[in-house]
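>>> Okay, here's the prediction I keep looking at, along with the sequence it came from:
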Amino acid sequence: MSISLHGIGIGGGIAIGRAHLVSQADIEVEHYMLHDADVPAEQARYDAAVRHARQELEQLWGSIPENAPTELGAFLSLHIMLLNDHTLSKEPRDLIAHERCNAEWALRQQLDVLLAQFDEIEEEYLRERRNDVIQVAERIFKSLAGHDALSPLPVPNAGDGILVAHDLSPADMVLFKDSQYVAFITDVGGPTSHTAILARSLDLPSVLALRHARSMIQDNELIIVDGVNGVVIVDPDETILAEYRARQTLWAEKQSALQGILKKKAVTRDGIEIELFANIELPDDSVQALGNGAAGIGLFRSEFLFLREDDLPTEDEQYEAYKQVAEAMGKKPIIIRTIDLGKDKIPKWQEEVDTPNPALGLTGIRLCLAEPQMFRTQLRALLRASAHGKIKLLIPMLSHVGEVKQIRKHLNEVVAQLKEEGVTMDEHIELGGMIEVPAAAVSVASFLNHLEFISIGTNDLIQYTLAVDRNDDSVSHLYDPLHPAVISLLAHIIETANHMEKPVSMCGEMAGDPNLTRLLLGLGLRRFSMLPAQLLKVKQQVLSTDLGKIRPTIDAMRASGDAEELRNLLVKLNS
Ligand code: PEP
Ligand code: MG
């Protein structure tokens, strides 16, 4: 019988495909002590789990389809070999006896030892086998828990695999950028979490915060993912399938109709020109930005270059990445945000740092100022790349004007250093700041005195204004872009910047939500930056808006202190 699950829809249309369950890299297990008399039974439980895991692998081996890629057979035989090796089949048994601990704990200890050994290995192929060891261990953990393990099959059929995960970190998502999945679903995640942003950037149907999806869905089961309405249907019957196939076709037709406005300028009905820029995470995303008609890059989240590797990228590696974007974009402006790590974007080398409240800790520019070597290396790479295009710098998480002064000092010194080395660059590179902390929003005029431009980061601004963690789905109903306090902060920032004749743009998710385009236009915003997949939908809204006509509704929205009334006014605004 089919079941429906409800979560937060991230858009991207509708997908119908086969579930592919992925597991968390971190395996948490219970630890308890045994009485001496119970040790043999615990060892027998471990032996049975290993046997069960072996049977599963052998079964899979026997059912490999003839046309399957040869790697699949090799992959399974490697897993069988690892399972048979004494390090996994025997040593945990010995640990159970020596430490009188439960089987799960013994396996966890042994896994830690094995993984540490893998980390020492220099040879790349062998080092990569680390993940195979984890997968085999997960199979035993599952057997110990009495569940069938995950299938080790990669994407079931290229073109119809749906990734089902408890959670995906931004670092995991970067890996999935190159995969062939057609949709994503997760148990947790908020609507503007970085996982959601990445899912949106892939423009694939995705639903987050489904709570128990991963435990309710079987591997290879047929599922429908409706990213528009946030619904997942497991094991649908023929009638439901037919309905969703029809919806899929409608969606595809709508998408191709949008292509008709690709070459059009984004101008309102009453002739106001609007600039629509793209947000990107990695240099290759500039292709998608251009393909969707971006006027430039409004936000390059450079920290994603820092999430991929174990170590910091070198100056040259960064330079090549920035140069790639500069060259791809030609004469179009490119706003590159300096490293915004911390909070939920934790690179491997920072994982050990224990911070009581990461969202209020050493994050964004605070981390850069605390690590001047890392910051200045990035500034050098950015300045060198500025010789290849119209690069501007954007500083995240500003909360004190003093930070801008410190940044200027670093920037001036790095420029002087490069000049001495005879490097060509844009010596007068523009410096902008993200307005995403309420303190910066309230005192935006002081920041504008020291900056060439600003960009509003609504994702964090809403989180900090409303004290609602953007990653926590248990409070996502309180994460409200239409909260009167948010509207009034946005109006204040935009009006102040317009009054001081300094460019203001918005690069938070609000800028890419076509439902909010008219509201933002009405508040005076003329520059929007969003994920490439949103560009045409927002352009369509711009083209259909008459700023003169929406004025009375905008005034009513600004005067309203009631979220419910604001919601009704928004419907009127968009009708
Ligand atoms: C924001 O906070 O709105 C923003 C654009 O930055 P990020 O989502 O990367 O924190
Ligand atoms: Mg932010």
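Yep, that arrived. Quick caveat: nothing in here was measured; it's all calculated off a predicted structure. Numbers count the residues shown, from 1 in each chain. Ligands and ions are numbered 1, 2, ... in the order given.

>>> list the helices and strands the top helix by length along the chain packs on?
Taking DSSP state H as the assignment, the helix of the chain that covers the most residues is helix 39-62. In terms of contact count using 3 or more CB pairs under 8 Å, 6 or more residues apart in numbering; DSSP states H and E, helix 39-62 is assigned the packing partners helix 70-84, helix 91-99, helix 103-120, helix 130-144. From N, CA and C alone the C-beta is placed, and that goes for glycine too.

>>> Would you mind getting the angle between that helix and helix 70-84?
On the basis of axes from the mean of the first three to the mean of the last three CA atoms, to 10 degrees, helix 39-62 is oriented at 170 degrees to helix 70-84.

>>> And the contacts of helix 39-62?
The set of residues that contact helix 39-62 without belonging to it, under CB atoms under 8 Å, 6 or more residues apart in numbering, is 34, 73, 76-77, 79-80, 83-84, 88-89, 92-93, 96-97, 100, 102-103, 106-107, 136, 139-140, 142-144, 148-149, 151-153.

>>> Cross-check those residues against ligand 1 and keep the overlap.
Checked against ligand 1 using CB under 6 Å from any ligand atom, the contacts of helix 39-62 yield no neighbours at all.

>>> Show me which of these are buried.
When burial is judged by neighbour count using 16 or more other CB atoms under 10 Å, the buried members of the contacts of helix 39-62 are 34, 76, 79-80, 83, 88-89, 92-93, 96, 100, 102-103, 106-107, 136, 139-140, 142-144, 149, 151-153.

>>> Can you pull out the low-pLDDT segments for the protein?
Segments of the chain classed as low confidence (criterion: pLDDT under 70) are 23-28, 64-72, 123-128, 131, 147-158, 169-179, 309-310, 348-353.

>>> now do 50
Counting by pLDDT under 50, the chain has low-confidence residues at 25-26, 149-157.

>>> Which segments of it make up each domain?
For the chain, the domain assignment from automatic domain parsing gives the residue ranges 3-22+153-239, 36-144, 259-434+507-574.

>>> related to what we said a few turns ago, could you pull out the buried residues of the longest helix of the chain?
Of all the residues in helix 39-62, those buried under the rule 16+ other CB under 10 Å are 39, 42-43, 45-46, 49-50, 52-54, 56-57, 60.

>>> now the longest strand seen in the chain, how far from the chain's geometric center?
Counting residues, the longest strand found in the chain (DSSP state E) is strand 14-21. Here the centre of strand 14-21 is set off from its chain's centre by 20 Å, with CA atoms, centre = their mean, to the nearest Å.

>>> Name every strand pairing with that strand and say which way it goes.
With DSSP bridges as the test, strand 14-21 is paired with strand 161-165 (parallel), strand 222-226 (antiparallel).

>>> Show the contacting residues for the closest residue to residue 530 other than its chain neighbours.
Nearest residue to residue 530, sequence neighbours excluded (CB to CB, 6 or more residues apart in numbering): residue 512, at 2.9 Å. Neighbour list for residue 512: 200, 279, 528, 530, 531, 534, 538 [criterion: CB under 8 Å, 6+ apart].

>>> Next one: residue 512 from ligand 2, what distance?
Counting by CB to the ion, to the nearest Å, the gap from residue 512 to ligand 2 is 14 Å.

>>> What separation is there between that residue and residue 458?
Counting by CB to CB, to the nearest Å, the gap between residue 512 and residue 458 amounts to 10 Å.

>>> repeat for residue 290
Relative to residue 458, and taking CB to CB, residue 290 is found at 25 Å.

>>> re the thing from before, could I get the longest helix of the chain in CSV with only the CA atoms?
Only the C-alpha atoms of helix 39-62 are listed here, as CSV (Å, rounded to 0.1, in the frame of the first residue of the first chain):
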residue,chain,number,x,y,z
VAL,A,39,30.7,-13.0,26.6
PRO,A,40,30.3,-16.3,24.5
ALA,A,41,26.7,-15.4,23.6
GLU,A,42,27.8,-11.9,22.5
GLN,A,43,30.6,-13.4,20.4
ALA,A,44,28.0,-15.7,18.8
ARG,A,45,25.8,-12.7,18.1
TYR,A,46,28.7,-11.0,16.4
ASP,A,47,29.5,-14.2,14.4
ALA,A,48,25.8,-14.4,13.3
ALA,A,49,25.8,-10.8,12.2
VAL,A,50,29.0,-11.3,10.1
ARG,A,51,27.4,-14.5,8.6
HIS,A,52,24.2,-12.6,7.7
ALA,A,53,26.2,-9.8,6.1
ARG,A,54,28.1,-12.3,4.1
GLN,A,55,24.9,-14.1,2.9
GLU,A,56,23.5,-10.7,1.8
LEU,A,57,26.6,-9.9,-0.2
GLU,A,58,26.7,-13.3,-1.8
GLN,A,59,23.0,-13.0,-2.7
LEU,A,60,23.7,-9.7,-4.3
TRP,A,61,26.6,-11.1,-6.1
GLY,A,62,24.4,-13.8,-7.5
